[in-house]
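[1] Okay, structure incoming, though there's no sequence with it:
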């Protein structure tokens, strides 16, 4: 797939931000649940999304039916076969929301981006243009 350099830069910044959040979650909650049998231990692959308990990232959404319109829907996966406590899942989601709001200005300076609930998902929205990257 051919990707525009500015689009690649955007994705790289987003990935770096989520890798940082992944590290935080792994440090704080990584030993709470056993890993899925097919999941590698933390730090054993070249990509944080492929190992450890957490995989945090985002997928672009065109925003049809959304009150915030287009944006990136944040995905928080825990790679375990154990049932995850609902209160803990909510606490993790709130921490991710707080961290994304805190880190967006660092990774995407000079543009307005924010994160909040959009229905039942967390979404990054605002100035998604590629012009200032």
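    Thanks, I have it. Keep in mind that what you see is a predicted model, and the values were worked out from it rather than measured.

[2] Who are the packing partners of the lengthiest helix in the chain?
    In terms of residue count, the longest helix belonging to the chain (DSSP state H) is helix 5-29. Judged by 3 or more Cβ pairs under 8 Å, 6 or more residues apart in numbering; DSSP states H and E, helix 5-29 is in contact with strand 54-61, helix 86-107. Quick note: C-beta positions are derived from backbone N, CA and C, even for glycine.

[3] For residue 15, find the nearest of those.
    Proximity to residue 15 (Cβ to Cβ) singles out strand 54-61 among these, at 7.4 Å.

[4] and residue 74, that's in a strand?
    Yes. Using DSSP: H, G, I helix; E, B strand; the rest coil, the assignment for residue 74 is a strand.

[5] Quickly note the distance from the residue nearest to the spatial centre of the chain to residue 67.
    With distances taken as Cα atoms, centre = their mean, residue 57 lies nearest the centre of the chain, 3.2 Å away. According to Cβ to Cβ, to the nearest Å, residue 57 stands 22 Å off from residue 67.

[6] quick revisit: most tightly packed of the helices and strands packed on helix 5-29?
    Neighbour counts (mean count of other Cβ atoms under 10 Å) averaged over each of the helices and strands packed on helix 5-29 peak at strand 54-61, with a mean of 18.

[7] Within its sheet, name the partner strands of that one and how each one runs.
    Next to strand 54-61 in the sheet, as set by DSSP bridges, lie strand 71-78 (antiparallel).

[8] Cool, thanks, signing off.
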